[in-house]
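1. Below is the sequence, then the predicted model.
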There are 2 protein chains.
Amino acid sequence: MARAATTTDAFNAVAEPRRRQILDLLAQGERPVNDLVVALGLAQPQVSKHLRVLREVDLVRVRDEGRHRLYRLNAGPLRSIHDWLRKYEQQWNARFDLLDTVLADLKEEEADGTD
Amino acid sequence: MARAATTTDAFNAVAEPRRRQILDLLAQGERPVNDLVVALGLAQPQVSKHLRVLREVDLVRVRDEGRHRLYRLNAGPLRSIHDWLRKYEQQWNARFDLLDTVLADLKEEEADGTD
DNA sequence: AAACCATATACCCATAACGGAATACGTCAA
DNA sequence: TTGACGTATTCCGTTATGGGTATATGGTTT
């Protein structure tokens, strides 16, 4: 088997930095493709392809306006990532390693009676 | 160019479900590889390979204990994901779509005077 | 030293990514 | 209708994935 498709879920879709940039831009409001092309400095086909991936995991929605296609953010699927991360929130400060060390030190002192 | 390596950053490392499972297991405490093998129902080499990826992005740390290698979680790098997500937290309820719709409706009514 | 246990690495395969370039499609203007 | 514009799709090449299986490495016990 190969790596899971980028369209599998939000985790995979968002692993690509350009796609995060696109979402960041769309967070400011609806935009046509060409706006994104300019803002990202990417070729238009690549942008369209990234948008397709984002559409497939429902991170963006489209609306046709004449010959333009206006993309907008749909942040909902990001919630699954946030939910998964929640259980780690208390651990990022690496406090636990520190705590371990401190506790070990205390235990030693207590055991050998050193000041 | 191909997809960014899984070892590029936490985003890519964590896109693989098995690796998230591994982190979930390690969240409960330090464990030797074989524990994970049993818990995941995966073959040992695959687990070692996933652990390598997680080590390379510093999401896990290792400690040698005789012939065992005890892996433990290092949640720090997850923070970068959380930080990126933060700007979207207020948008998950899709309230903005709703707002768009309402505003559009109001505009229409205002324009054509139809009740 | 030999046998054994725990883990890591090497090699193979099928799959798909991403960027580039060319082109197809759909809408609007003249 | 023809042409221009905005966007999507197709095809290509390079790269690396993740699982499978075999094997290497390192520590422990006898």
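-> Received, thanks. Numbering: from 1, shown residues only, chains lettered A, B, ... in the order given.
2. what about the closest residue to A:Lys87 other than its chain neighbours, neighbour count?
-> Nearest residue to A:Lys87 in three dimensions, chain neighbours excluded: B:Ala27, at 6.3 Å (Cβ to Cβ, 6 or more residues apart in numbering or on different chains). Just so you know, the C-beta spots here come from the backbone N, C-alpha and C atoms, and that holds for glycine as well. Using other Cβ atoms under 10 Å in any protein chain shown, B:Ala27 has 13 neighbouring residues.
3. surely B:Ala27 meets B:Arg72?
-> No - with contacts counted by Cβ atoms under 8 Å, B:Ala27 stays clear of B:Arg72, the gap being 9.7 Å.
4. Contact distance from DNA strand D - what residues of chain A qualify?
-> Residues of chain A lying near DNA strand D by Cβ under 7 Å from any atom of the strand: A:1-4, A:32-34, A:37, A:44-45, A:47-49, A:51-52, A:62, A:67-69.
5. ok, what's across the strand from the spatially closest residue to A:His68 that is not a sequence neighbour?
-> Nearest residue to A:His68 in three dimensions, chain neighbours excluded: A:Pro32, at 4.3 Å (Cβ to Cβ, 6+ apart). A:Pro32 forms beta bridges with A:Leu70, as assigned by DSSP bridges.
6. how about A:Pro32, what does it touch?
-> By Cβ atoms under 8 Å, 6 or more residues apart in numbering or on different chains, the contact set of A:Pro32 is A:Glu65, A:His68, A:Arg69, A:Leu70, A:Tyr71.
7. ok, it to A:Ile22 distance?
-> 13 Å (Cβ to Cβ, to the nearest Å).
8. element containing the residue nearest to A:Leu85 when sequence neighbours are not counted, please.
-> Spatially, and ignoring its direct neighbours in sequence, A:Leu85 is nearest to B:His82 (5.3 Å; Cβ to Cβ, 6+ apart). If you go by DSSP states H and E, B:His82 is part of helix B:78-86.
9. Spell out which residues of chain A are next to DNA strand C.
-> Counting by Cβ under 7 Å from any atom of the strand, chain A comes close to DNA strand C at A:1-3, A:5-7, A:15-16, A:18, A:42-43, A:45-46, A:49-50, A:53, A:64, A:66-67.
10. ok, 6 Å please
-> Residues of chain A lying close to DNA strand C (Cβ under 6 Å from any atom of the strand) are A:Ala2, A:Ala5, A:Thr6, A:Thr7, A:Glu16, A:Arg18, A:Ala43, A:Pro45, A:Gln46, A:Val53, A:Gly66, A:Arg67.
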